[in-house]
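A.B. asks: This is the structure alone, sequence omitted:
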């Protein structure tokens, strides 16, 4: 998942769900945004805070150079 796919949209103090997951267009649907579970949002924000800087990699679906959210030691975590 590219780093910019997960966006904090509102300050948590507003009482709204502060995060949005942007799902890109794929074979069966258009792109859309979804509010994930609050605990998942907190976990992603914590990972963004502690993860080391990573190099840009090519997204095989778009061909763009992006930072992936789930990377460690310059390797993507999980399957493509």
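C.D. replies: The structure has been received and is ready for your questions. Because the structure is predicted, anything quoted here is derived from the model rather than measured.
A.B. asks: In stretch 65-79, which of the residues would be classed as buried?
C.D. replies: Judged by neighbour count using 16 or more other C-beta atoms under 10 Å, the buried positions of stretch 65-79 are 68-69, 71. Backbone N, C-alpha and C define where each C-beta goes, glycine included.
A.B. asks: out of those, who's nearest residue 35?
C.D. replies: Using C-beta to C-beta, the shortest approach to residue 35 within the buried residues of stretch 65-79 belongs to residue 69, at 16.8 Å.
A.B. asks: My guess is the closest one contacts residue 44. True?
C.D. replies: Yes. Residue 69 lies in contact with residue 44 (C-beta atoms under 8 Å); the separation is 7.1 Å.
A.B. asks: Quick check: the nearest residue to residue 77 once chain neighbours are set aside vs residue 19, distance?
C.D. replies: With C-beta to C-beta, 6 or more residues apart in numbering as the measure, residue 70 is the residue that lies nearest to residue 77, at 4.2 Å, once sequence neighbours are left out. According to C-beta to C-beta, to the nearest Å, residue 70 stands 16 Å off from residue 19.
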